[in-house]
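Participant: return a 3D structure for these sequence lines:
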Amino acid sequence: MGRKIAVLFDLLSVVTSGLLLAAALLCRHASDISPETGRFWALLALSMPGVLLLNLAALFYWLLRRRWLVCLLPLAALLSNGEYVAAMVQLHPATDARTRSDLRVASLNAFNFNLGESRYRTAHAVAGIMSRERVDVLCLQEFPVFADTSVDSLLGCFTPRFPYSVQDGWEAILSRYPIVNHRYACFAESRNAYLWVDLVVGGDTVRVISVHLRSTGIASLRARYRKEHDREAPVEALLGEVERNSRLRARQVHELEQLIDSVRGPLILAGDFNDTPSSYTYRRIDSRLQDGFRAAGRGYGSTFRSLGGVLRIDYIFCNDSLRCVGYRTLPDAVSDHRAVIADFRFVR
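Facilitator: You can find the predicted model right below:
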C-alpha cells in the first residue's frame with residue numbers, strides 16, 4: 001500500500017511539473033497579447049513571478065531527488081522565460097560608468113515628495129542625491145501640484161544642479177543642458193501623462209520623455225471600500241479594476257509607440273510604467289527600445305519598495321542612437337519608489 005502511495009505521489013508530482021511548464025509557456029505568451037482582449041491574459045502576465053518561483057522550487061526538488069529527465073520540465077519553463085529573468089536579474093560587472101558616459105539620466109516617481117517631514121525637505125534631499133550622483137537630467141513623476149505648495153520653490157531646490165527645467169501637470173524634467181522644445185500631454189480617460197523635452201547636448205539634440213502610466217488601482221480601490229463600506233474590496237471588484245487599468249495602459253503604450261516612432265535622433269524614455277517586465281506594456285516598449293537595465297544593470301532590478309520590494313516597474317530605455325554603459329537603482333529612501341540612473345554614450 002505504501003509503495004502505491006509513493007508511486008501515485010511521484011506521478012502527481014510529475015504532472016504538476018508539467019502543468020507548471022504549461023503555465024510558464026502561457027505566461028510568456030500573455031505578454032504578446034493586449035489586455036484589451038480580456039482579463040485572462042493580463043492576469044496571467046501578472047502571475048509570471050509566482051509561476052517561475054514555483055518552477056524554480058520544482059527544479060530544486062527534482063535535482064535533490066536526482067530525477068534528471070524530470071528536471072527538464074522546470075528547466076524548460078525557466079529558459080522559455082529567459083527574457084523576463086534577464087529583465088529582472090543582471091550580472092554585469094560593476095564599473096565607473098560616469099568616466100565613460102556622455103549623459104547621465106535619472107528617473108524617480110517622487111510620491112509628491114511626501115516621504116518626509118515636509119515636501120520641501122524631501123525635495124532638497126532628492127536634489128542632494130542627484131548632485132551626489134552627478135546626474136545631468138532628472139525625470140520626476142508625481143511632482144506635487146497642490147494649493148499649499150509652491151511649484152517654483154520646489155523647482156528652486158534643484159536649481160544649483162539643474163538650471164533648466166520644465167514642469168507641467170504632475171511631470172517635471174530638470175536638466176543641466178538647455179531645453180529648446182517641450183510638450184506635455186495627458187492620456188485619454190486618465191490624468192496620467194507624459195512630458196518630453198529636446199535637450200542640446202554638445203552638438204546633439206536629445207529627446208527625453210518622462211512618462212507615468214496608469215496604476216493597477218488596487219490600493220485606491222481597497223482604501224475606498226474600507227472608507228465607504230468598512231470592509232475589504234471583493235475579489236471580483238479587484239479583478240475588474242486590474243482589468244480596466246491594464247486596458248488603459250495598453251492604450252497608453254500604443255500612444256507612446258507612435259511618439260517613439262516619430263523621433264529620428266537620440267531618444268531616452270524614462271518613467272513609472274506601473275507594469276512589470278512580464279507585461280504587454282513592457283514588451284511593446286522593449287520591442288522598440290533598449291532596456292538600460294538589461295544592457296548594463298547589475299543585481300536584482302526591484303524599483304518599488306512596497307509588496308516586499310519584488311516589483312520592477314520603473315525603467316529607462318534608449319534608442320539605437322545611444323548605448324547604455326551603466327545602470328543602477330539607488331537605495332535612498334526618498335519615495336515609495338527607488339530612483340534609477342542610466343549612463344549613455346552617443347553612437348557615432
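Participant: which secondary element of the protein has the worst mean pLDDT?
Facilitator: Comparing helices and strands within the chain by mean pLDDT, DSSP states H and E singles out helix 218-229 as the least confident, with a mean of 78.
Participant: check contacts around the residue lying closest to Pro331 once chain neighbours are set aside.
Facilitator: Sequence neighbours aside, Arg338 is the residue nearest to Pro331 in space, at 7.2 Å (criterion: CB to CB, 6 or more residues apart in numbering). To be clear about C-beta, it is placed using only N, CA and C from the backbone, and glycine gets the same treatment. Arg338 sits next to 108, 302-305, 314, 329-332 when contact means CB atoms under 8 Å, 6 or more residues apart in numbering.
Participant: so what's the residue nearest in space to the middle of the chain up against?
Facilitator: Centre of the chain computed as the mean C-alpha position; nearest residue by CA atoms, centre = their mean is Ile313, 2.2 Å away. By CB under 8 Å, 6+ apart, the contact set of Ile313 is 272-276, 303-304, 337.
Participant: pLDDT at it, what is it?
Facilitator: For Ile313, the pLDDT comes out at 96.
Participant: phi and psi next, for it.
Facilitator: phi -130, psi 0 (degrees, to the nearest 10).
Participant: look up how far Leu12 lies from it.
Facilitator: From Ile313 across to Leu12, the span is 36 Å (CB to CB, to the nearest Å).
Participant: what is the helix or strand hosting Tyr184 packed up against?
Facilitator: In this assignment (DSSP states H and E), Tyr184 forms part of strand 179-186. Here strand 179-186 is seen to pack against strand 164-168, strand 171-175, strand 193-201 when contacts are counted using 3 or more CB pairs under 8 Å, 6 or more residues apart in numbering; DSSP states H and E.
Participant: in strands, which of the contacts of Arg338 fall?
Facilitator: Among those, the subset assigned to strands under DSSP state E consists of 108, 314, 329.
Participant: and which of those residues is nearest to Tyr84?
Facilitator: The nearest member of the ones in strands among the contacts of Arg338 to Tyr84, counting by CB to CB, is Asp314 at 16.5 Å.
Participant: just to revisit the earlier point, let me have the contacts of Ile313 in TSV, adding neighbour count and distance to Ser262 as columns.
Facilitator: Below are these laid out as TSV (neighbours: other CB atoms under 10 Å; distance: CB to CB, whole Å):
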residue	neighbour count	distance to Ser262
Asp272	24	22
Phe273	26	20
Asn274	24	24
Asp275	30	23
Thr276	22	27
Thr303	22	27
Phe304	20	30
His337	23	28
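Participant: which one of these sits closest to Val85?
Facilitator: Each of those was scored against Val85 by CB to CB, and Thr276 proved nearest at 12.2 Å.
Participant: hmm, Leu25 is touching Ser80, no?
Facilitator: Yes. Leu25 is within contact range of Ser80, at 5.8 Å (criterion: CB atoms under 8 Å).
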